[in-house]
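Engineer: Generate a structure from the sequence data that follows.
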Amino acid sequence: MGRSNRAGRTRAETPPDTTGAEGRSHRQGPLTAQVDSGTAELLPDRDRPRAWQLLLDGAPQSMVDLADPTHLGFEYQRRIGHLIDLAAPPGRPITALHLGGGALTLPRYVAATRPRSRQQVAEIDTALTELVRAELPLDRGWQIRVRGADARAVLERAPEGAADLVIADVFSGARVPAHCATVEFATLAARALAPGGRLVVNITDGSSLAFARAQTATLLAVFPEVCLVADPAVLRGRRFGNLILAAGAAPLPLEELGRRVASDAALGRVEHGRALTDFTAGAAPVTDTSAVPSPAPPPGAFR
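Structural biologist: A predicted model of the protein is given here:
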């Protein structure tokens, strides 16, 4: 609740604990709220005066810098950002379908780097979307439409051959839901892609990497071109973390992607071709009848 105006404050001023049109300020401090999927926390970033981190039930989900929507604070977001940058010539608008919204970091990035892009976001947690819109508002000029629905249900109704990018960043808590990790799901994504379009998938795994190997096999069963980007330590099963898969019908920009990943502060490696096939270690593609969620993060994975 906002405080009543103090003496001397004009009507145009915003009370210190009320979020104004430019979004939440650090002087308001952290925010905790119950949303449909659990407990959401907005934590101010220590290094960037207008940046916020979104956590859901303690698991980091997104980071947004209200002053700079091109800033991607998480390692996995930067890798997806490279693929966004390589989706078309610099600055050219694209049509993007985001499956999973969180704090809408990636739609903001597309809107800032590719003005006039048309974007649709599927985010099942409508209370979370309302919180993000209120505290971390979008620029009114951005063409971003958020639908409060299940990611696969939105994908099933997506126009055929319309999307330059389908970005699947779908999590239920800290796990990828089973129904969004199957051959049938990937086939729907392939149907939604325009000629030359690409699917980008964010997953998490660790230790034996059974889920990541199976997801790689799943995309290889649907798409002729697939690559994987991850920290070498994650690829060796030494730590739990994010892995990014990219797939399409046309050749992927592997050389430029490799250069960009190599220039990142965080270590990363791009796997494709025979090395990627070897990575699957004989894993079978996952279907709707055999699907399981991604593994839960081990204790302390996000500390």
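
Engineer: packing partners for the longest strand anywhere in the chain?
Structural biologist: The longest strand of the chain (DSSP state E) is strand 193-205. On a contact count with 3 or more Cβ pairs under 8 Å, 6 or more residues apart in numbering; DSSP states H and E, strand 193-205 meets helix 75-85, strand 163-168, helix 183-192, helix 210-220, strand 241-248. Glycine gets a C-beta too; all of them are placed from N, C-alpha and C.

Engineer: in stretch 205-215, what's buried?
Structural biologist: 205-206, 209-215 (16 or more other Cβ atoms under 10 Å).

Engineer: what does stretch 176-188 give?
Structural biologist: In terms of neighbour count (16+ other Cβ under 10 Å), stretch 176-188 has its buried residues at 176-186, 188.

Engineer: which of the residues you listed lies closest to L43?
Structural biologist: V176 (23.7 Å; Cβ to Cβ).

Engineer: where do the strands sit along the stretch 51-200 of the chain?
Structural biologist: For the stretch 51-200 of the chain, the strands defined by DSSP state E, counting those that start in this stretch occupy 51-56, 59-65, 95-99, 118-122, 143-147, 163-168, 193-205.

Engineer: For the fourth one, name the packing helices and strands.
Structural biologist: What it means is strand 118-122. So strand 118-122, by 3+ Cβ pairs under 8 Å, 6+ apart, packs with strand 95-99, helix 105-113, strand 143-147, helix 151-156.

Engineer: same thing but 6 Å
Structural biologist: strand 95-99, helix 105-113, strand 143-147 (3 or more Cβ pairs under 6 Å, 6 or more residues apart in numbering; DSSP states H and E).

Engineer: What pairs with the first one, parallel or antiparallel?
Structural biologist: If I follow you right, that is strand 95-99. Counting by DSSP bridges, the strands paired with strand 95-99 are strand 118-122 (parallel), strand 163-168 (parallel).

Engineer: and among these, the most buried is which?
Structural biologist: strand 163-168 (a mean of 26; mean count of other Cβ atoms under 10 Å).

Engineer: just the angle between that strand and strand 193-205, please?
Structural biologist: 20 degrees (axes from the mean of the first three to the mean of the last three Cα atoms, to 10 degrees).

Engineer: Pull the residues that contact strand 163-168.
Structural biologist: Residues outside strand 163-168 that contact it (Cβ atoms under 6 Å, 6 or more residues apart in numbering): 87, 94-99, 189, 192-194, 197-201.

Engineer: what do you get for stretch 70-80?
Structural biologist: 63, 65, 81, 112-113, 200, 202, 229, 242, 244, 266.

Engineer: Try it again at 7 Å.
Structural biologist: 51, 63, 65, 81, 105-106, 109, 112-113, 167, 200, 202, 229, 242, 244, 261, 264, 266, 268 (Cβ atoms under 7 Å, 6 or more residues apart in numbering).

Engineer: sorry, back to before: reformat the buried residues of stretch 205-215 as TSV; add pLDDT and distance to A284.
Structural biologist: What follows is those, written out as TSV (pLDDT from 0 to 100; distance: Cβ to Cβ, whole Å):
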residue	pLDDT	distance to A284
D205	98	16
G206	96	20
L209	98	15
A210	98	11
F211	98	13
A212	98	14
R213	98	10
A214	98	7
Q215	98	11
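
Engineer: Among those, which one sits closest to L235?
Structural biologist: L209 (7.5 Å).

Engineer: picking that back up, to R27, which of the helices and strands packed on strand 118-122 lies closest?
Structural biologist: Closest among these, once you apply Cβ to Cβ, is helix 105-113, at 22.5 Å.

Engineer: Extract the C-alpha trace of the closest one and format it as PDB.
Structural biologist: Output of helix 105-113 as PDB, limited to C-alpha atoms (Å, rounded to 0.1, in the frame of the first residue of the first chain):
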ATOM      1  CA  THR A 105      14.000 -10.700 -20.300                       C
ATOM      2  CA  LEU A 106      14.400 -12.200 -23.800                       C
ATOM      3  CA  PRO A 107      11.400 -10.500 -25.300                       C
ATOM      4  CA  ARG A 108      12.800  -7.200 -24.000                       C
ATOM      5  CA  TYR A 109      16.100  -8.000 -25.600                       C
ATOM      6  CA  VAL A 110      14.500  -8.800 -29.000                       C
ATOM      7  CA  ALA A 111      12.400  -5.600 -28.800                       C
ATOM      8  CA  ALA A 112      15.500  -3.500 -28.000                       C
ATOM      9  CA  THR A 113      17.900  -5.000 -30.500                       C
END
